[in-house]
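S.K.: sequence unknown, structure follows:
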């Protein structure tokens, strides 16, 4: 299995531009999570989906952020318009509730997208 | 508000010794706690899970304890090796009925010196 795939790996954009981050979860996983990591705030949950349905979006910072999961193998996180304070590494992770008891809710992370907003 | 604290400063340990990392939390009653390892430029990787009704879990050279009274978890790496150098994150989860989003600490940077 290729693991969780994220694209692009790096994104540099100017303030005010729209940014779209993409994620392909592990096949068969029914949960998908978007996290953001910064030095100041650490790793924060933004939103997660179960069977393509958003379950908890309370971590989405503001209306400029939106996430979709049109099917089981693809999700996007969009920022419009982007601001310098959005600069961070954005991780996508997937999980399944059918895993081993000893690894309940083990989340498999992608390599991340490093976003820089100038 | 919920708060998770991990050693903010890097932890330097001599090779072969036991490394002990601490995770403290407040205003939280997690159903389980996980530990992840993160290497530079990579996503976190799951290591161990411990539930609220468990005191201790072991996996090879790793051991984790969970004290819900103290609201603390300790993560031990015995016979440490330079390859164990990484950032270690603790994560707390709420539910027992399915996967859910995790609340992470900021991590402790562990350096194992040869």
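M.R.: Good, I have the coordinates. This is a predicted model, so every value here is computed, not measured.
S.K.: remind me which residues of the chain are low pLDDT?
M.R.: If you meant another chain, say so; for now it's chain A. A:1, A:99-103 (pLDDT under 70).
S.K.: Oops, wrong one, chain B.
M.R.: B:95-99.
S.K.: Residue numbers of it in contact with chain A?
M.R.: Applying the criterion Cβ under 8 Å from any Cβ of the partner chain, the portion of chain B that neighbours chain A consists of B:32, B:34, B:41-46, B:49, B:51, B:89, B:93, B:98-107. In short, each C-beta sits where N, CA and C put it, glycine included.
S.K.: what about burial for those residues, which qualify?
M.R.: The neighbour count (16 or more other Cβ atoms under 10 Å in any protein chain shown) marks B:32, B:34, B:43-44, B:46, B:49, B:89, B:93, B:99-107 as buried among the residues of chain B next to chain A.
S.K.: Okay, and the beta partners of residue A:53?
M.R.: With DSSP bridges applied, the residues forming beta bridges to residue A:53 are residue A:50.
S.K.: meant to ask about residue A:22, not that
M.R.: Beta-bridge partners for residue A:22, by DSSP bridges, are residue A:7, residue A:76.
S.K.: That one touches residue A:9, doesn't it?
M.R.: No. Judged on Cβ atoms under 8 Å, residue A:22 makes no contact with residue A:9 at a distance of 10.9 Å.
S.K.: Neighbour count for these two, which is higher?
M.R.: Each of residue A:22 and residue A:9 had its neighbours counted (other Cβ atoms under 10 Å in any protein chain shown), and the higher figure belongs to residue A:22 (16 against 11).
S.K.: distance of the more buried one from residue A:88?
M.R.: According to Cβ to Cβ, to the nearest Å, residue A:22 stands 16 Å off from residue A:88.
S.K.: if you look at the residues of chain B next to chain A, which of them are in strands?
M.R.: When the residues of chain B next to chain A are checked against strands (DSSP state E), the matches are B:32, B:34, B:45, B:46, B:49, B:51, B:89, B:93, B:103, B:104.
S.K.: Excluding residues flanking it in the chain, which one is nearest the residue in chain B that chain A sits nearest to?
M.R.: Nearest to chain A, among the residues of chain B, is residue B:43, at 3.0 Å (Cβ to the nearest Cβ). Nearest non-adjacent residue to residue B:43, counting by Cβ to Cβ, 6 or more residues apart in numbering or on different chains: residue A:109, 3.0 Å away.
S.K.: Please apply the same query to residue B:73.
M.R.: Closest residue to residue B:73 apart from its sequence neighbours, by Cβ to Cβ, 6+ apart: residue B:23 at 4.4 Å.
S.K.: what about that neighbour, is that helix, strand or coil?
M.R.: Secondary structure assignment for residue B:23 (DSSP: H, G, I helix; E, B strand; the rest coil): strand.
S.K.: Residue A:97 belongs to a strand?
M.R.: No. Note on residue A:97: no strand contains this position according to three-state DSSP, which reports coil.
S.K.: Distance-wise, check it relative to chain B.
M.R.: Taken as Cβ to the nearest Cβ, to the nearest Å, the spacing of residue A:97 relative to chain B amounts to 5 Å.
S.K.: which ones are touching the residue nearest the centre of chain A?
M.R.: Centroid-nearest residue in chain A: residue A:34, 2.7 Å away (criterion: Cα atoms, centre = their mean). Residues counted as contacts of residue A:34 (Cβ atoms under 8 Å, 6 or more residues apart in numbering or on different chains) are A:23, A:45, A:46, A:47, A:48, A:67, A:75, A:77, A:90, A:91, A:92.
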